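Colleague: Sequence first, predicted coordinates after that:
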Amino acid sequence: MSNLLENWKQKLISLILAVAVWAILRESIEPGSIDQILSSLGLAK
């Protein structure tokens, strides 16, 4: 049972990493896109 939990944790970690890498690549392709999201949420100055 603990082996199944470890596999699930690894999948979750790899998914989070994939999303983070995608966000970084998207920002490098479209500069300012993250700033637009933040300002639309009212977080940026």
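Modeller: In hand now; what should we look at?

Colleague: okay, CA-based contacts and neighbour counts for the rest of this
Modeller: Will do.

Colleague: Quick check: next helix or strand after the lengthiest helix in the chain?
Modeller: The longest helix of the chain (DSSP state H) is helix 2-29. Sequence order places helix 33-41 as the next helix or strand after helix 2-29, per DSSP states H and E.

Colleague: Going by contacts, tell me the helices and strands next to the worst-scoring helix or strand of the chain on mean pLDDT.
Modeller: Least confident helix or strand of the chain, by mean pLDDT, DSSP states H and E, is helix 33-41 with a mean of 75. The helices and strands touching helix 33-41, judged by 3 or more Cα pairs under 8 Å, 6 or more residues apart in numbering; DSSP states H and E, number zero.

Colleague: Swap in 10 Å and give it another go.
Modeller: helix 2-29 (3 or more Cα pairs under 10 Å, 6 or more residues apart in numbering; DSSP states H and E).

Colleague: The helix it packs on vs helix 33-41, what angle?
Modeller: 100 degrees (axes from the mean of the first three to the mean of the last three Cα atoms, to 10 degrees).

Colleague: Which residues belonging to helix 2-29 are considered buried?
Modeller: For helix 2-29, the buried set under the neighbour-count rule, 16 or more other Cα atoms under 10 Å, is empty.

Colleague: If you count contacts, what does that helix end up packed against?
Modeller: helix 33-41.

Colleague: tally of neighbours for L38?
Modeller: 13 (other Cα atoms under 10 Å).

Colleague: Relative to R26, how far out is it?
Modeller: 15 Å (Cα to Cα, to the nearest Å).

Colleague: one step back: average pLDDT across the longest helix of the chain?
Modeller: Confidence for helix 2-29, expressed as mean pLDDT, is 87.

Colleague: E27 contacts S33, doesn't it?
Modeller: Yes - in this structure, E27 is within contact of S33 by Cα atoms under 10 Å, at 6.1 Å.

Colleague: Next one: R26 from A20, what distance?
Modeller: 10 Å.

Colleague: swap in S2?
Modeller: On the measure of Cα to Cα, S2 and A20 end up 27 Å apart.
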